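1. With the input below, show me the fold.
(one chain, ligands or ions: 6)
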Amino acid sequence: MTQNRPLTRVFLAFTLAGSLLFTNISRAQEADQQNAAEGTQQGTEQAAPATDGGLPADDASISEGMSLFNSNCKSCHKIEGKLVGPALKDVHKRAPSIDWIVDFVHNSSKVIASGDAYANKIYEEYNKTQMTAFPTLSRQQILNILGYIKQETDALAAAPTTTAVPGDATGQGQGTDTGIPASYMNIIMIALVVVLLLILVVLILITTVLKKYINQKGELEEADKEIVDASFNINAVVKSKPFIFLVTFISAAIVFKVVIHNLYAVGIQQGYAPKQPIAFSHKLHAGQYEIDCNYCHTGVRKSKNANIPSPNICMNCHVAIKTESPEIQKIYAAIENDRPIEWVRIHNLPDLAYFNHAQHVEVGGIECQTCHGEVQEMEVVAQASLLTMGWCIDCHRKTDVNTKGNEYYDNLVELHNAEGKGALKVEDIGGLECSKCHY
Ligand code: HEC
Ligand code: HEC
Ligand code: HEC
Ligand code: HEC
Ligand code: HEC
Ligand code: HEC
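-> Ligands and ions are numbered 1, 2, ... in the order given. Below you'll find the model as predicted:
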């Protein structure tokens, strides 16, 4: 049996290395695809030419344009990328004329009804979605909006990589690529497998040569000869005491682990994803159309609760979009009958715990995705985190307080630095005190 041991070990190492290699290759491919996608994006951004459209460029006009854009147009338009309406980047270059834009913003349906070819083309392209009419905006105000759009476009073109920078302090999403680039990792892994294969071959050669040599000499005692000639005997191994012990031990350990795991999971609803009364998709709204979370969850930056949007918020768009869809009809029914839509609550802490969104999102600067997962990719929202006390505490121990530009923390940071204990963590401002989280 002795000669088989090194062989089995080599085999084990070999399979291990093989499986490692496999996961790494698939990860590398993902990373490559991502890089490729980012690359093409940057390419198009850089391709934007910089011609002046004779639009206002002074600070006062631009800032008026910005506030007008934010209050009137932002719910349907983005500078870059489609929302409900087209991206407004470079619109002054592609639309027939500045006058056309002014007329279109004043009353788009009039322009469309007049048979204007360009207007009808985009109207068809956007599924006959009616743009709100803004008859009260003056020509100058609309020019200011266009000036603001142009300035933002230039800013985007000047800093094409901003979106690709892993800016969030929490490091979510970027966590997989640490240190060594994936392609290097692959080369290292392949080299490792080759080396292991070589060792395997050499070992096989050595054992056969040794066996031959010993047999040729032929001056072995009977007992030793048995060992040399012995072939691998599965039956004996299975019946041996150490083997039985090992199998019993491993099974017991697995059962123990499963029981403990399930006991800990009592009251935990991670992954909970109930069916909602209306087939509302975050993937469509927050992902594809990139509607800001804050647009619907209006309280998330300023209060304890994030809020679930009332049907009125849906109606900002669905007065005009997909009006015939039976799912959208349910929104109309709710408004007509004056009854709320009965969304099923997913995240729910027990009443004894206090959690405040504004504190985490606005003050702490934490992304929604850190706690809720990639909501913008969910067709149906599922609870992504544990929501246990240990989960809260763990993050409070690890996370630095976002003190930048927050005067409230200036004195505290000074005192803390004087003590020389490293970065100010949530733990250091009392984030582990029972009364902060418990009423
Ligand atoms: C209710 C959603 C909505 C709002 C609010 C809105 N738009 Fe639009 N807009 C659209 C849609 C949809 C289109 C595509 C044409 C169509 O379907 O009528 C469009 C088209 C346009 C176009 C033509 C784009 C092109 O590609 O040529 C311009 C310019 C425009 N909007 C400017 C504005 C401005 C400026 C505001 C704010 C004052 C604004 N829009 C507010 C929905 C909206
Ligand atoms: C167009 C409106 C809209 C936008 C934009 C939106 N949501 Fe929602 N969100 C809803 C509605 C409606 C519900 C309730 C139905 C459901 O759970 O799908 C909801 C539910 C949720 C829930 C679960 C609430 C619970 O019951 O525990 C979370 C978490 C959430 N949204 C996070 C986000 C995040 C993060 C974003 C931005 C990436 C976002 N939402 C963008 C409308 C919106
Ligand atoms: C900022 C605009 C906007 C808001 C606000 C909005 N939606 Fe939408 N919604 C859209 C767009 C755009 C589509 C895609 C239409 C299409 O596929 O042509 C859509 C599609 C849908 C659909 C799919 C309809 C179908 O049959 O394909 C449902 C359901 C829906 N929305 C529900 C809601 C609910 C509920 C709310 C309020 C919580 C809401 N939406 C708020 C823009 C909006
Ligand atoms: C630090 C973690 C954390 C972050 C960051 C966070 N949430 Fe939450 N969210 C929670 C917890 C915990 C609950 C459950 C609260 C409760 O039951 O009182 C919750 C509940 C919700 C709900 C259900 C309704 C409500 O108000 O309780 C919505 C919607 C929601 N979050 C949306 C968001 C959005 C949108 C963002 C980003 C702007 C966000 N959350 C950021 C932890 C977080
Ligand atoms: C992703 C990390 C993270 C998670 C998860 C998290 N917190 Fe926090 N929490 C923070 C940060 C960062 C701050 C500091 C915000 C600030 O600057 O005031 C904070 C602050 C707080 C504060 C105020 C502390 C003080 O001394 O002012 C309370 C209360 C709190 N969190 C409760 C909770 C509860 C309850 C949960 C779990 C349901 C939770 N947090 C989960 C990061 C987190
Ligand atoms: C960062 C916020 C936070 C802090 C600090 C905190 N807790 Fe909690 N605690 C929670 C949350 C959230 C829950 C609910 C967890 C759940 O439902 O699984 C909880 C649950 C509990 C429970 C369980 C109640 C039950 O019904 O199961 C007890 C007991 C408790 N906490 C005691 C304490 C004590 C004592 C301290 C101080 C040493 C403390 N907590 C500090 C957030 C906190």
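2. Just give the closest residue to whichever residue of the stretch 51-200 of the chain sits closest to ligand 2, not the sequence neighbours.
-> Among all residues of the stretch 51-200 of the chain, residue 75 sits closest to ligand 2, at 10.1 Å; criterion: C-beta to the nearest ligand atom. C-betas here are computed from N, CA, C, even on glycine. In this structure, residue 75 finds its nearest non-sequential neighbour in residue 316, 5.9 Å apart by C-beta to C-beta, 6 or more residues apart in numbering.
3. burial measure for that neighbour, as a count.
-> 16 (other C-beta atoms under 10 Å).
4. tell me which element it falls in.
-> Under the criterion of DSSP states H and E, residue 316 resides in helix 311-318.
5. Give the residue spans of the stretch 151-300 of the chain that score low on pLDDT.
-> For the stretch 151-300 of the chain, the stretches with pLDDT under 70 are 159-182, 228-232.
6. Which positions in it make contact with ligand 3?
-> Those residues of the stretch 151-300 of the chain that sit near ligand 3, judged by C-beta under 6 Å from any ligand atom, are 278-280, 284-285, 289, 291, 296.
7. can you tell me which residues contact residue 61?
-> Residue 61 is in contact with 143-144, 147-148, counting by C-beta atoms under 8 Å, 6 or more residues apart in numbering.
8. distance of the nearest residue to residue 243 once chain neighbours are set aside from ligand 5?
-> In this structure, residue 243 finds its nearest non-sequential neighbour in residue 237, 5.7 Å apart by C-beta to C-beta, 6+ apart. Computed as C-beta to the nearest ligand atom, to the nearest Å, the residue 237 to ligand 5 distance reads 49 Å.
9. so residue 237 sits in a strand?
-> No. The assignment for residue 237 (DSSP: H, G, I helix; E, B strand; the rest coil) gives helix, which keeps it out of a strand.
10. Now for it, how many residues are close by?
-> Using other C-beta under 10 Å, residue 237 has 11 other residues around it.
11. now swap in residue 271 and tell me
-> Counted with other C-beta under 10 Å, the neighbours of residue 271 add up to 8.
12. Give the helix, strand or coil label for the closest residue to it other than its chain neighbours.
-> Leaving out its chain neighbours, the residue that sits closest to residue 271 by C-beta to C-beta, 6+ apart is residue 382, at 5.6 Å. Counting by three-state DSSP, the backbone at residue 382 sits in coil.
13. check contacts around residue 382.
-> Counted by C-beta under 8 Å, 6+ apart, residue 382 has contacts 271-273, 346, 373.
14. From residue 347, how far out is it?
-> Using C-beta to C-beta, to the nearest Å, one gets 10 Å for the distance from residue 382 to residue 347.
15. With residue 263 instead?
-> 23 Å.
16. among the residues of the stretch 151-300 of the chain next to ligand 3, which are within reach of ligand 1?
-> Within these, nothing lies near ligand 1 by C-beta under 6 Å from any ligand atom.
17. which bits of the protein sit near ligand 6?
-> Residues of the chain lying near ligand 6 by C-beta under 6 Å from any ligand atom: 267, 349-350, 352-353, 388-389, 392-393, 396, 431-434, 436-438.
18. check contacts around residue 357.
-> Residue 357 is in contact with 299-301, 303-306, counting by C-beta under 8 Å, 6+ apart.
19. List the contacts of the closest residue to residue 410 other than its chain neighbours.
-> Counting by C-beta to C-beta, 6+ apart, residue 410 lies nearest to residue 403, which is 7.8 Å off, once chain neighbours are set aside. If a contact means C-beta under 8 Å, 6+ apart, then residue 403 has 409-410, 412-413, 424 as its contacts.
20. The same query, at a cut-off of 7 Å, please.
-> 409, 413, 424 (C-beta atoms under 7 Å, 6 or more residues apart in numbering).
21. Now that we have those, which of them are buried?
-> The neighbour count (16 or more other C-beta atoms under 10 Å) marks 409, 424 as buried among these.
22. I'd like the contacts of residue 403 as TSV, with distance to ligand 2 appended.
-> Shown next, in TSV, are the contacts of residue 403 (distance: C-beta to the nearest ligand atom, whole Å):
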residue	distance to ligand 2
409	26
413	30
424	27
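23. Out of the contacts of residue 403, list just those in helices.
-> residue 413 (DSSP state H).
24. Just say helix, strand or coil for the closest residue to ligand 3 within the stretch 101-250 of the chain.
-> Nearest to ligand 3, among the residues of the stretch 101-250 of the chain, is residue 127, at 4.9 Å (C-beta to the nearest ligand atom). The three-state assignment at residue 127 reads coil, by three-state DSSP.
25. For it, the count of nearby residues, please.
-> Counted with other C-beta under 10 Å, residue 127 comes out at 10.
26. now swap in residue 253 and tell me
-> So residue 253, with other C-beta under 10 Å, has 10 neighbours.
27. Could you do the one 5 residues further on as well?
-> Residue neighbour count, defined by other C-beta under 10 Å, stands at 10 for residue 258.
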